[in-house]
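Chemist: below is the sequence, then the predicted model.
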Amino acid sequence: MAVTVLPSHPGFTIRAVLWDMDGTLIDSQPFWDEAFVTRTREAGGAPTRGIVERLTGASIETARRLIAETGAVSDWTDPAAGDLFTAIADDVGARVAASPPLLPGAERITSALAQRGVAQAIVSASPRRIVESVARALGDVFAVTITGDDGAGAKPDPLPYATAVERLGLTPAECVVVEDSATGVASARANGIHVVQIGATKVFPADPGLVVVPDLTSVTPHALLREDRRDAPTGGAATAGTAPSPDQHRGAR
């Protein structure tokens, strides 16, 4: 795929935009919540509001632990927990495939970047079939997709974004990440990748490598590729604030 070279600074290149998915490109949480409640109740569990709230942004392992916490299975390592998670993911996958819950601005910005020749990737811990449904809905403009089926860990572990950068054949300095969560930002910043964070409050206030926009409709090619970001120091989230636990994030399922 062609790349964009910013002409006024020939030595500075942003070649790829790496996208978080859940909570950034799509609003799939209601699908997960409904499927979780339905499936665990059918299996004899009691999905309390507190348990369901903790499902937001949970990794696959954590989702299995929450299934066990409802009492639907005896232990999260029980194969039945895996079967229940698969059923939940299948329910979500079917709904996403039938009507992808794209957030306003998702199709516009990914299409604009594709037209500029900028490589794009989705980095998510959702199952591959769900990620691929979203990728198709957005016109298959993604050169790389990192999913929960790829064994690349869960945010805030640096590995998901490190894997995307490696598969693109680029360096962190040639990439920018779009995220909506503290753990997702931590994963990206641990690799030294600059981040455009969607939200009202900057999750790491002292981090100069992090720019905040209110919503996806505010994200423009200029905001992602702008030249002044080249002078901001890189560094992990540990230098900008305390990294959150893996289960406090959104959009990295």
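Modeler: Arrived safely, thanks for sending.

Chemist: quick check: the gap between the residue lying closest to Glu69 once chain neighbours are set aside and Leu66.
Modeler: Using CB to CB, 6 or more residues apart in numbering and skipping the chain neighbours, the partner closest in space to Glu69 is Ile51 (5.6 Å). Every residue, glycine included, has its C-beta placed from N, CA and C. Here the distance between Ile51 and Leu66 works out to 5 Å (CB to CB, to the nearest Å).

Chemist: how about Thr110?
Modeler: Going from Thr110 to Leu66 by CB to CB gives 31 Å.

Chemist: quick one, grab the pLDDT at Gly251.
Modeler: Here, the pLDDT recorded for Gly251 equals 37.

Chemist: same question for Leu6.
Modeler: In this model, Leu6 carries a pLDDT of 35.

Chemist: now Pro246
Modeler: Value for Pro246, per-residue pLDDT: 36.

Chemist: just Ile14 next, same as before
Modeler: 85.

Chemist: correct me if wrong: it contacts Glu174.
Modeler: Yes. Using CB atoms under 8 Å, Ile14 makes contact with Glu174 at a distance of 6.4 Å.

Chemist: dump the longest helix along the chain to PDB, restricted to CA.
Modeler: What stands out as the longest helix in the chain, according to DSSP state H, is helix 79-98. Coordinates of the C-alpha atoms in helix 79-98 are reproduced here as PDB (Å, rounded to 0.1, in the frame of the first residue of the first chain):
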ATOM      1  CA  PRO A  79     -14.300 -26.100  28.800                       C
ATOM      2  CA  ALA A  80     -18.000 -25.100  29.300                       C
ATOM      3  CA  ALA A  81     -16.800 -21.500  30.000                       C
ATOM      4  CA  GLY A  82     -15.100 -21.600  26.600                       C
ATOM      5  CA  ASP A  83     -18.200 -22.900  24.900                       C
ATOM      6  CA  LEU A  84     -20.300 -20.200  26.500                       C
ATOM      7  CA  PHE A  85     -17.900 -17.500  25.400                       C
ATOM      8  CA  THR A  86     -18.000 -18.900  21.900                       C
ATOM      9  CA  ALA A  87     -21.800 -18.800  21.900                       C
ATOM     10  CA  ILE A  88     -21.700 -15.200  23.200                       C
ATOM     11  CA  ALA A  89     -19.200 -14.200  20.600                       C
ATOM     12  CA  ASP A  90     -21.200 -15.900  17.900                       C
ATOM     13  CA  ASP A  91     -24.300 -14.000  18.900                       C
ATOM     14  CA  VAL A  92     -22.400 -10.700  18.800                       C
ATOM     15  CA  GLY A  93     -20.700 -11.600  15.500                       C
ATOM     16  CA  ALA A  94     -24.100 -12.300  13.900                       C
ATOM     17  CA  ARG A  95     -25.500  -9.000  15.000                       C
ATOM     18  CA  VAL A  96     -22.400  -7.100  13.900                       C
ATOM     19  CA  ALA A  97     -22.400  -8.800  10.500                       C
ATOM     20  CA  ALA A  98     -26.100  -8.100  10.000                       C
END
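
Chemist: quick one: list the elements packing against it.
Modeler: If contacts are counted by 3 or more CB pairs under 8 Å, 6 or more residues apart in numbering; DSSP states H and E, helix 79-98 sits against helix 29-42, helix 60-69, helix 128-137.

Chemist: coming back round to it: pick out whichever of Ile14 and Glu174 has more residues nearby.
Modeler: Remark: of Ile14 and Glu174, Ile14 carries more neighbours, 24 against 17, as counted by other CB atoms under 10 Å.

Chemist: and the gap between the more buried one and Ala188?
Modeler: Taking CB to CB, one finds Ile14 at 14 Å from Ala188.

Chemist: okay, now the unreliable bits of the stretch 1-150 of the chain?
Modeler: 1-12 (pLDDT under 70).
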